[in-house]
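>>> A predicted structure for the sequence below; I have some questions about it.
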Amino acid sequence: MPGFHEVRFPLRLSLSTSGGPERRTDIVNLTNGRESRNRRWRGARRSYDAGSGVRSIDDLYEVAAFFEARSGALYGFRFRDPFDDKSCPPGESVSAMDQLLGTGDGTRTDFQLLKTYADAGGGVERVIAKPVAGTVVVSVAGSLAPPWDFACDPATGVVVFSTPPAAGAAVRAGFVFDVPVRFATDRIDISLQSFKAGRIPSIPLIEITP
């Protein structure tokens, strides 16, 4: 990904983040009283505000230094979404059976990490491009794949097998992941409240589409 630094926003500051997914839907009211709805974006785009996590002088300095190192909004970076950062629900442990990546055909070796959000009414797939290195586990046809049989690029989320999965074999994976984001502003306002405390009212972040 051009203009991207493979570094993570300070983890302890992301835990107090607010935000989440946003979608764009065009809604037209028809003359018969009904609605016509059209999805403008194929997937959601997440936005966050990490300002509430900043409390101490050390926090202020760390955020300011991180902001400067990214040249404001110029370079993207990794961000841990405290609400959604695993292939499984928050209270569960990552498993190699968590997410379906595809089905083998005997020749295909590359599989993109995906996370599916679904219920009885429908579902959507989300491309996971920034897995956390060392957290990816994979299964083929229900059996755990040995770590020497595949590699996952933490910069793209692509799993590459040394031996192509057999035709009809379900390829699944579990993982921890970050969200690729950038600062949504070129300015951060820092307020010093006391000798050892301060705040940054808003640190807006916006997801970068892989």
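The structure has been received and is ready for your questions. Residues are numbered from 1 along each chain as shown.
>>> Can you tell me which residue is spatially central in this structure?
Geometric centre of the chain, nearest residue: V179, 2.7 Å, by Cα atoms, centre = their mean.
>>> Need the per-residue pLDDT for M1.
M1 is assigned 51 on the pLDDT scale.
>>> coming back round to it: beta partners for the residue nearest to the centre of the chain?
F79 (DSSP bridges).
>>> Tell me who's in contact with it.
Taking Cβ atoms under 8 Å, 6 or more residues apart in numbering, we find V179 in contact with 46, 78-81, 130, 207. C-beta: built from backbone N, CA, C; applies to glycine.
>>> Can you flag the buried ones in those?
Neighbour counting with 16 or more other Cβ atoms under 10 Å marks 46, 78-81, 130, 207 as buried within the contacts of V179.
>>> By mean pLDDT, which helix or strand of the protein comes out lowest?
strand 197-199 (a mean of 57; mean pLDDT, DSSP states H and E).
>>> Tell me the helices and strands packed up against the helix or strand following it.
Using DSSP states H and E, the helix or strand that follows strand 197-199 in sequence is strand 204-207. Judged by 3 or more Cβ pairs under 8 Å, 6 or more residues apart in numbering; DSSP states H and E, strand 204-207 is in contact with strand 45-49, strand 179-183.
>>> least reliable of these going by mean pLDDT?
strand 45-49 (a mean of 91).
>>> Next, the angle strand 179-183 makes with that one.
Per axes from the mean of the first three to the mean of the last three Cα atoms, to 10 degrees, the angle that strand 45-49 makes with strand 179-183 is 60 degrees.
>>> name the helices or strands packed onto strand 45-49?
strand 18-22, strand 179-183, strand 204-207.
>>> Can you tell me what sits against the shortest one?
Looking back up the chat, that one is strand 204-207. 9, 19, 45-50, 79, 179-185.
>>> any weak-confidence spans in the protein?
Applying pLDDT under 70 to the chain flags the ranges 1-2, 52-55, 192-200, 210.
>>> remind me, longest helix of it?
helix 57-69 (DSSP state H).
>>> Check which helices and strands that helix sits against.
For helix 57-69, the elements it packs on are helix 11-14, strand 197-199, judged by 3+ Cβ pairs under 8 Å, 6+ apart.
>>> Identify each buried residue in the longest one, please.
Pointing back at helix 11-14 there. In terms of neighbour count (16+ other Cβ under 10 Å), helix 11-14 has its buried residues at 13-14.
>>> Just the CA coordinates for that helix, please, in CSV.
Written as CSV, here are the backbone C-alpha positions of helix 11-14 (Å, rounded to 0.1, in the frame of the first residue of the first chain):
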residue,chain,number,x,y,z
LEU,A,11,-2.1,0.6,21.8
ARG,A,12,-3.0,1.9,25.2
LEU,A,13,-4.4,5.1,23.7
SER,A,14,-6.6,3.2,21.3
